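Enquirer: okay, sequence plus prediction incoming.
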Amino acid sequence: MAEPRIHRTEHRITVRAPAEQVYELIADVTAWPRVFPPTVHVERLESADEDGGTERITIWATANDTVRSWTSRRELDRAALRIAFRQEVSQPPVAEMGGLWEIESLPGGETLVRLHHDYRAVGGDPDGAEWIARAVDRNSEAELAALKRVAEREAAQERLLLVFADSVEVAGSAADVFDFVDQAQHWAERLPHVARVSLREVQPNVQVLGMDTRTAKGDVHTTESVRVTFPHRSIVYKQQVLPALLSVHNGRWTFEERDGRTVATSEHTVVIKEEAIPAVLGEDADVETARAWVRRALSGNSLATLEHAKRYAESRTAPAASGAAS
């Protein structure tokens, strides 16, 4: 029987940024959810050293309107500006997938980025190979375009990037606080700022959450997020449908229990869409105005959710009412 065919692709783009800067954006997987549109979350299982070496990562990403996860081994070579990768266990219809990032300095301060893939479909199935080809083309083009955009606007990204967190302490279990946040299908009944909610589980521990939220002024924003849950430790999410003022919004809920008490934290990583500021906040608003507005709006909703989760969890640990005297 003939071996299933190995398919090979190459996608490339030219970036107006130094090669070392482009390499860093690809090497730092913790930044991928804000850099690459398909990437929802990345966990580093084993780390390489500063100059390179081997690392293992687990990635959750969208592909052809579904969410896939896989673990990859990467070989980083800072001196050569190359990063090779190979999936350890692929998900059908992918039987095997690997590739290579090549970063090359060009005259005039530009950089050529080549992204190579090689893959096999399960059983050599042509329909599976076609599905993989579409996913590879779509994600590669999206990743390279995003890499170019972020690398070329890095100075602006620093000004437009906003990272912050809010926490509450709960006299209850992490499991109960986690359940409140995890069971978002009840939020329209439980949270005053949520006007509409839909939640569906697309695979175990992966959810798609659609929501309409009200601002303090009564405006309604529609969002849709992919969430990856790690019971009862954390929930990470990436918004796929965003409010007008943001180009990126990723977040993480964490639940740390110690001695019967839980610290629940909501973290946000957002990138403000500068060109949208006048339409959303008025002609006189600037980036600092937008940063303050976003922080206030998101912190307000997060703290409201955490306070309701706190009451929910503490009510479940409150002592039961005493029964009739014996």
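Expert: Thanks, I have it.
Enquirer: list the buried residues in the helix or strand containing residue 189.
Expert: Here residue 189, judged by DSSP states H and E, is contained in helix 187-190. For helix 187-190, a neighbour-count test (16 or more other Cβ atoms under 10 Å) marks 187, 190 as buried. Quick note: C-beta positions are derived from backbone N, CA and C, even for glycine.
Enquirer: how is the protein partitioned into domains?
Expert: 7-152, 160-317 (automatic domain parsing).
Enquirer: can you give me how far the host helix or strand of residue 95 is from the chain middle?
Expert: Under DSSP H and E, the secondary-structure element containing residue 95 is strand 94-105. Using Cα atoms, centre = their mean, to the nearest Å, the distance from the centre of strand 94-105 to the centre of the chain it belongs to is 21 Å.
Enquirer: that strand packs against which elements?
Expert: In this structure, strand 94-105 packs against helix 19-27, strand 82-89, strand 111-121, helix 126-152, with contacts taken as 3 or more Cβ pairs under 8 Å, 6 or more residues apart in numbering; DSSP states H and E.
Enquirer: hmm, try it at 6 Å
Expert: Contacting strand 94-105 under the criterion 3 or more Cβ pairs under 6 Å, 6 or more residues apart in numbering; DSSP states H and E are the following elements: helix 19-27, strand 82-89, strand 111-121.
Enquirer: quick check: mean pLDDT of the shortest one?
Expert: Per-residue confidence for strand 82-89 averages out to 95 on the pLDDT scale.
Enquirer: pull out the buried residues from that strand.
Expert: 82-85, 87.
Enquirer: that strand to helix 19-27, inter-axis angle?
Expert: 10 degrees (axes from the mean of the first three to the mean of the last three Cα atoms, to 10 degrees).
Enquirer: after the helix holding residue 189, which helix or strand is next?
Expert: For helix 187-190, the succeeding helix or strand toward the C-terminus, using DSSP H and E, is strand 194-203.
Enquirer: so which residue is smack in the middle of the chain?
Expert: Central residue check for the chain by Cα atoms, centre = their mean: the C-alpha nearest the mean position is that of residue 40, 3.2 Å away.
Enquirer: pretty sure that one contacts residue 60?
Expert: Yes: contact status for residue 40 versus residue 60: in contact at 4.4 Å, counting by Cβ atoms under 6 Å.
Enquirer: okay, helices next: where are they in the stretch 201-326 of the chain?
Expert: For the stretch 201-326 of the chain, helices defined by DSSP state H, counting those that start in this stretch occupy the ranges 277-281, 287-317.
Enquirer: burial check on residue 92, number of neighbours?
Expert: Around residue 92 there are 11 other residues, counting by other Cβ atoms under 10 Å.
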